[in-house]
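**Q** Kindly return the folded structure for what I paste below:
(one chain, ligands or ions: 1)
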Amino acid sequence: MFAVQFDRFGPPEVLTTGRFPEPHAGPGQVRIRVEAAGVAPVDLALRSGRSPSRDRIPLPHIPGVDAAGVIDEVGAGVTGFAAGEEVFGTVDVARLGGASAEFAVLSFWAAKPPAMPWAQAGAAGTSVETATRALDRLGVRAGVTLLVDGAAGGVGSVAVRLAIARGAHVIGTARPESHAFLAELGAVPVAYGPGLADRVRALAPAPAVAPGAGRVDLALDVAGAGSLPELIAITGTPAAVLTLADFGGPELGVGLSRGELAGEPGGRHGLALAAALSEQRRFHVPVQEVFPMTRAAEAHAAAARGPRRGKIALIRHP
Ligand SMILES: NC(=O)c1ccc[n+]([C@@H]2O[C@H](COP(=O)([O-])OP(=O)(O)OC[C@H]3O[C@@H](n4cnc5c(N)ncnc54)[C@H](OP(=O)(O)O)[C@@H]3O)[C@@H](O)[C@H]2O)c1
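**A** Numbers count the residues shown, from 1 in each chain. Now for the predicted structure:
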């Protein structure tokens, strides 16, 4: 089969395409003919050699943990899904790859709503699961005001849309040139970086202008850029803050969600929930740019560069 691959760690240019033996669905898995795949930070970290998991992946490696496509093989024990159905999801976390290819094996998936574009479905998997898990842990529900630090990126933009679908008011941080993007998503934008607490306090408290501004109940740190002390000051307690990316969180009393890629136990209901919300037109996966798989190196370079506004996706067909 056709696949994107790298046989040494390094910059995006180490990515090439080649022929690989086809994978097959094991028990509890489905194999899909891939239509689209996502590019996630874990893919960039593995390819560059920065990831502590680099010794766990044999080379050559097919990158990508998120994919969408049409089921063509159903593993033992799988019920409710059959060949020919369109699905989206994530690969086996232990393999940390395999999605950027003609065929991929999914361990977690949901039916793709017919109106959900392939690029959105392919890029959704880990961002949707990660954001859902984080919103659940924080207790995000209707009426609360949530501050998302790093709101314009792949996980942040999905968290913004899912929190709004729950009825929360959302304030999101981004660099100023991405504020219009955040406003389109439905969040009140503020600039990230030092002085965040003052800028959030200065937001107009009038609910008609910026619902919930002036009072922040919960905060989600997606960026891991050292803002936890300010997020604690803004919410008033470390118990109201969760980080996805700052390993210093627990020292400050802040919860750290290492997520499904680290094998952390937790509900895997995000995909089905997102599919249902998408069918009701209350959710979409913001996609910044789509590349054909043959240009995966450009896609990885784009994913590493700001400003980020949603997910980067790969489609199989040029
Ligand atoms: N724990 C888990 O389960 C899990 C799962 C997936 C991802 N993650 C982690 O979550 C992090 C974000 O993932 P992602 O997919 O959203 O990455 P991404 O798409 O690269 O987005 C990163 C975002 O952070 C913003 N940012 C950069 N510097 C910032 C700062 N100083 N303060 C606030 N925001 C800043 C960027 O904005 P600009 O582009 O405008 O600079 C961008 O919007 C990564 O570290 C990833 O490893 C964790």
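**Q** quick one: contacts for Pro23?
**A** Contact analysis of Pro23 by CB atoms under 8 Å, 6 or more residues apart in numbering lists 31, 98, 103-105. Heads up, the C-betas are built off the backbone N, CA and C, glycines and all.
**Q** Kindly recompute the last result at 10 Å.
**A** By CB atoms under 10 Å, 6 or more residues apart in numbering, Pro23 lies in contact with 1, 3, 29, 31, 62, 73, 91-92, 95, 98, 101, 103-105.
**Q** Can you tell me how far Leu231 is from the ligand?
**A** Separation of Leu231 from the ligand (CB to the nearest ligand atom, to the nearest Å): 11 Å.
**Q** The host helix or strand of Val42 near the ligand anywhere?
**A** Taking DSSP states H and E as the definition, Val42 sits inside helix 41-48. Yes. Helix 41-48 lies within reach of the ligand by CB under 6 Å from any ligand atom, at Pro41.
**Q** packing partners for that helix?
**A** When contacts are defined as 3 or more CB pairs under 10 Å, 6 or more residues apart in numbering; DSSP states H and E, helix 41-48 sits against helix 118-138, helix 296-304.
**Q** residue boundaries of the helices in the stretch 201-318 of the chain?
**A** All helices of the stretch 201-318 of the chain, identified by DSSP state H, counting those that start in this stretch, fall at 228-235, 270-279, 296-304.
**Q** Quickly note the distance from the residue most central in space within the chain to the ligand.
**A** The residue lying closest to the centre of the chain (CA atoms, centre = their mean) is Ser127, at 1.8 Å. Remark: distance between Ser127 and the ligand (CB to the nearest ligand atom) = 6 Å.
**Q** Tell me who's in contact with that residue.
**A** Contacts of Ser127 by CB under 10 Å, 6+ apart are 38, 40-41, 66, 153-159, 162, 222, 270, 274, 285-286, 310-311.
**Q** Arg54 and Phe9 touch, don't they?
**A** Yes. Using CB atoms under 10 Å, Arg54 is in contact with Phe9, at 6.5 Å.
**Q** which residues do these two both contact?
**A** Common contacts of Arg54 and Phe9 (CB under 10 Å, 6+ apart): 46-48, 61.
**Q** For Asp149, see how far away Phe20 is.
**A** Per CB to CB, to the nearest Å, Phe20 is found 39 Å from Asp149.
**Q** Let's have the helices and strands packed on helix 41-48 in a markdown table, adding mean pLDDT.
**A** Formatted as a markdown table, these follow (pLDDT from 0 to 100):
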| stretch | mean pLDDT |
| --- | --- |
| helix 118-138 | 96 |
| helix 296-304 | 98 |
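**Q** Can you tell me which residues in the stretch 201-318 of the chain are near the ligand?
**A** Checking the stretch 201-318 of the chain against the ligand by CB under 6 Å from any ligand atom, the hits are 222-225, 244-245, 257-259, 261, 306-308.
**Q** nearest to His179, of those residues?
**A** Using CB to CB, Pro307 comes nearest to His179 of those, at 10.3 Å.
**Q** can you tell me which residues contact the closest one?
**A** If a contact means CB under 10 Å, 6+ apart, then Pro307 has 152-153, 174-178, 181, 288 as its contacts.
**Q** Mark which of the contacts of Pro23 are buried, thanks.
**A** Buried positions within the contacts of Pro23, assessed by neighbour count (16 or more other CB atoms under 10 Å), are 3, 29, 31, 62, 73, 91-92, 95, 98, 101, 103-105.
**Q** With secondary structure as extra columns, can I get the residues you listed in CSV?
**A** What follows is these, written out as CSV (DSSP: H, G, I helix; E, B strand; the rest coil):
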residue, secondary structure
Ala3, strand
Gln29, coil
Arg31, strand
Ile62, coil
Glu73, strand
Val91, coil
Asp92, coil
Arg95, coil
Gly98, coil
Ala101, strand
Phe103, strand
Ala104, strand
Val105, strand
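**Q** Considering these, which is situated nearest to the ligand?
**A** Val91 (14.0 Å; CB to the nearest ligand atom).
**Q** tell me the contacts of the closest one?
**A** 23, 29, 37, 62, 64-67, 97-99, 104-109, 125-126.
**Q** For the helix or strand encompassing Ala37, which strands pair with it and how are they oriented?
**A** Using DSSP H and E, Ala37 falls within strand 30-39. Strand 30-39 pairs in its sheet with strand 66-74 (antiparallel), strand 103-106 (antiparallel), strand 311-315 (antiparallel), by DSSP bridges.
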